[in-house]
Structure formats: structure tokens, C-alpha cells
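Visitor: predicted coordinates and the sequence they were generated for:
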Amino acid sequence: MSPAAAPRPTAERKRHHFVSVTYLRSWADAGGKLHAYRCDRPTSPLHVRPEEIGFENYYYSQTREDGSRDNDSFENLFGNVETRWPRVLDAVNAGSLGPAVLLALYSMVTMMRTRVPAARDYHEALMALETRTSLKALADMGKLPAKLKRYEDELDTVEVTVNRQRTLGTMGEDMRRFGDMTRRLGFEILRDDTGIGFLTSDNPVAYFDPADAGIRRPYIENTKVEFYFLLSPQYVLHGGNRLLRHGPIPRFGGIADPKKVLAINRITSRFAYRLAFARDRSNDDLIQRHADTSPVLDARVVRRPGKIDYHIGHKFAGRPVLPKFRPEACEDGLYDEDFGL
């Protein structure tokens with residue numbers, strides 16, 4: 001008897017999608033492609049399959065204690081949610097949501113708020129700010145580590161780089177806070193009856209204070225909330241405090257006013273981060289108009305003797321250009337693990 005062949009090693013999972021392929025397929029046209037608008041080049045949309053967009057190599061990889069790279073743990077976690085998404089869409093189309101479908105729906109919503117570049121870049125920018133502020137405080141006290149003395153006169157301008165893997169650890173707390181916020185809301189699923197169709201993006205969860213005319217401050221959580229998550233070109237999950245009387249099981253309704261659909265698409269365009277997606281090219285102008293700004297970190301630092309207070313939130317502004325983490329080149333700047341902050 002011939003010896004059994006050795007099992008082939010599992011292929012390395014390199015391409016990590018931060019926008020679920022399963023989710024994006026609803027926006028594909030008859031040829032299986034969608035229009036992807038890159039927010040830094042919005043006038044040149046790509047016409048691609050969902051598998052070909054919305055990813056970054058090793059975006060969710062982690063370094064193990066032995067120095068090897070874990071490329072699969074987060075991908076497996078997300079995959080458990082994504083595989084249930086077609087069942088959610090079938091239930092929405094049928095107008096009937098059971099407990100298992102509701103769990104899958106809200107799991108996808110939570111994941112698409114906390115795993116995306118808009119969320120992780122927010123934390124990376126905040127970590128860099130905290131590092132810079134702490135170093136300035138040490139410099140003021142004359143306690144700057146010797147190896148960082150050469151930066152003493154340029155702490156406002158020197159590049160501070162964060163190991164992006166650290167932002168993976170922020171997702172759990174983001175999920176908890178997001179869950180606490182959504183439990184204060186009621187929900188409904190609205191169908192577009194106008195034929196216009198909803199857009200989506202790589203940051204498809206949008207919420208804000210409905211009293212904030214023009215939505216100057218995105219992602220407000222400690223007041224009244226207006227909430228949108230695009231389910232497909234035909235359906236949107238809408239939430240709000242005023243809907244709480246209906247409970248967590250969404251009721252179904254329709255939108256007959258084209259202005260309402262266009263208003264939701266405007267919100268979607270404003271919350272887009274790197275990418276906006278559409279089934280056709282009818283919203284080119286709208287997407288291009290809002291491509292320059294996205295929800296980003298809004299932070300004010302107040303330093304007092306022996307204390308530093310951070311007042312943080314979100315604002316609409318240009319997306320930050322975050323330096324790439326390169327420990328081997330740390331002599332060209334500062335990176336957060338240099339000093340254990």
C-alpha cells in the first residue's frame with residue numbers, strides 16, 4: 001500500500017476585504033459588475049466585480065507571539081457573519097424576519113461599522129495624537145527619554161507612526177459602544193418604490209443627531225439619533241429614537257418620494273470613506289460632490305498640570321494621510337512602540 005500523501009498546506013489568505021463581497025453583490029449589474037468610485041479619484045469610477053474591490057492585503061493579519069503571522073482569525077470571524085447575509089436579504093424581500101435573521105442582520109450592521117477603514121483610521125489617528133501629546137508633556141517636564149531628545153524641538157511636526165495592528169484591538173470596544181447605542185433605537189426597513197436605487201460605500205453605517213441641520217457632526221451617540229444602513233439598492237435599514245415604540249423587530253414601509261431617496265443617497269455619499277458603490281452611473285455628480293470629505297477624528301487636547309484631557313468625536317473633513325508603520329526605518333521618525341505608551 002502506498003503511503004498517504006502529505007496534506008497540502010493551506011494557501012495563505014492575503015486579500016482581506018474590508019467590504020464584504022457578499023454584501024456588495026446586491027449592487028452588481030446583469031454582468032456581475034458594479035461601479036466603484038474611489039474617493040481620491042471620483043471622476044474615474046471602476047466597473048469591476050465585487051471580488052476585485054474593497055480589500056487590502058493582510059488588513060486583518062496579526063503577529064503571533066512566535067513571530068508568525070495569523071491571516072485567518074478575523075477573516076473566519078467575519079465569514080461566519082457574511083455567509084448568513086443572503087438569508088437576511090431573502091427574509092427582507094419576503095417581509096418576514098425571524099430571530100435568527102435578526103441576529104444575522106444586526107451582526108452585519110455591527111461588523112460594517114467597526115471593521116472598516118473609517119473606524120480603524122480614526123483610532124490610528126487618535127493613537128498618534130495621544131503619543132505626540134504624551135511626548136510633549138514629558139518634554140515640558142524634562143523627562144523625555146534620551147533616545148528621543150533629538151526630537152525635542154520638533155514634536156509638533158515629526159512623523160508619529162502607529163502599528164496598525166493595534167487598531168484591531170479597538171473593534172471589541174467599538175462593538176460594545178455601538179450595541180449600547182442601537183439598543184436605544186427602534187428600526188424599520190424601507191423599500192425604494194421610486195426606482196432610483198440606493199447607493200452604498202465602504203462605510204455604509206451612518207448616524208447623526210437629526211437636529212443637526214446639514215449633519216455637521218457625524219456619529220453622535222449621546223443624544224437623539226437618526227440611523228441608516230444600506231441593505232441593497234432596494235432596501236435601507238432606518239433607525240431612530242422616535243421608532244423605539246416599535247421595538248428591535250423592524251417594521252416594513254416604502255418610500256414613494258424621490259427626494260427622500262436622494263436625501264439618503266446624499267448621506268451615503270457623505271459618509272463614504274475610501275469608496276462609494278453604485279449599480280449605475282446616475283449618481284456621478286452626487287458622489288463626486290462629497291468625495292473630498294469623510295467622517296474623521298475631531299480632537300481637542302486640554303493640558304493641565306498633571307493631567308491631559310482629550311475631547312474627541314468626529315467631523316467631516318479630508319481623510320488623514322497616515323504614515324506606514326516601518327519599525328526598521330524608525331530613525332526617520334517616531335513610532336508608538338518606541339516608548340511603550
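Guide: Cool, the structure landed. Numbering: from 1, shown residues only.
Visitor: give me the neighbour count for the closest residue to D292 other than its chain neighbours.
Guide: Nearest non-adjacent residue to D292, counting by Cβ to Cβ, 6 or more residues apart in numbering: G318, 6.3 Å away. In this view, the C-beta of every residue, glycine as well, is placed from N, C-alpha and C. Burial of G318 is recorded as 9 neighbouring residues (other Cβ atoms under 10 Å).
Visitor: and for R217?
Guide: Residues near R217, counting by other Cβ under 10 Å: 16.
Visitor: now E173
Guide: Residues near E173, counting by other Cβ under 10 Å: 11.
Visitor: now do the phi/psi pair for it.
Guide: With angles defined as degrees, to the nearest 10, E173 sits at phi -70, psi -40.
Visitor: run through the stretch 1-150 of the chain and note the low-pLDDT ranges.
Guide: 1-12 (pLDDT under 70).
Visitor: show me where it has its helices.
Guide: Ranges of helices in the stretch 1-150 of the chain, per DSSP state H, counting those that start in this stretch, are 21-24, 73-82, 85-94, 99-114, 117-140.
Visitor: same list, those, but as JSON lines with distance to A146 please.
Guide: Listed next are the helices of the stretch 1-150 of the chain as JSON lines, based on distance: least, Cβ to Cβ, whole Å:
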{"stretch": "helix 21-24", "distance to A146": "50"}
{"stretch": "helix 73-82", "distance to A146": "38"}
{"stretch": "helix 85-94", "distance to A146": "54"}
{"stretch": "helix 99-114", "distance to A146": "39"}
{"stretch": "helix 117-140", "distance to A146": "12"}
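Visitor: so which of the ones you listed is nearest N163?
Guide: Nearest to N163 among these is helix 117-140 (8.8 Å), distances taken as Cβ to Cβ.
Visitor: that closest one to helix 99-114, inter-axis angle?
Guide: 40 degrees (axes from the mean of the first three to the mean of the last three Cα atoms, to 10 degrees).
Visitor: how many neighbouring residues does A94 have?
Guide: By the criterion of other Cβ under 10 Å, A94 has 9 neighbours.
Visitor: could you measure it against N203, distance?
Guide: The gap separating A94 from N203 is 28 Å, by Cβ to Cβ, to the nearest Å.
Visitor: what's the answer for R64, then?
Guide: R64 is 30 Å from N203, by Cβ to Cβ.
Visitor: those two: which is more packed in?
Guide: Set R64 next to N203 and count neighbours by other Cβ under 10 Å: N203 wins out with 26 against 9.
Visitor: pull the distance from the helix or strand hosting H314 to the chain's centre.
Guide: Secondary structure assignment for H314, by DSSP states H and E: strand 307-317. In terms of Cα atoms, centre = their mean, to the nearest Å, the centre of strand 307-317 is found 18 Å from the chain centre.
Visitor: over to stretch 51-64?
Guide: For stretch 51-64, the separation from the chain centroid amounts to 14 Å (computed by Cα atoms, centre = their mean).
Visitor: export only the CA atoms of it, formatted as PDB.
Guide: Taking Å, rounded to 0.1, in the frame of the first residue of the first chain, the C-alpha atoms of stretch 51-64 are listed here in PDB:
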ATOM      1  CA  GLU A  51     -14.300  40.400  -5.600                       C
ATOM      2  CA  GLU A  52     -12.000  42.900  -7.200                       C
ATOM      3  CA  ILE A  53     -12.500  45.900  -4.900                       C
ATOM      4  CA  GLY A  54     -12.700  46.900  -1.300                       C
ATOM      5  CA  PHE A  55      -9.800  44.900   0.000                       C
ATOM      6  CA  GLU A  56      -6.200  45.400   1.300                       C
ATOM      7  CA  ASN A  57      -3.600  42.800   1.600                       C
ATOM      8  CA  TYR A  58      -3.200  41.400   5.200                       C
ATOM      9  CA  TYR A  59      -5.600  44.100   6.500                       C
ATOM     10  CA  TYR A  60      -6.700  41.900   9.400                       C
ATOM     11  CA  SER A  61      -3.500  39.900  10.000                       C
ATOM     12  CA  GLN A  62      -1.900  39.700  13.400                       C
ATOM     13  CA  THR A  63       1.600  38.800  14.600                       C
ATOM     14  CA  ARG A  64       1.700  35.800  16.900                       C
END
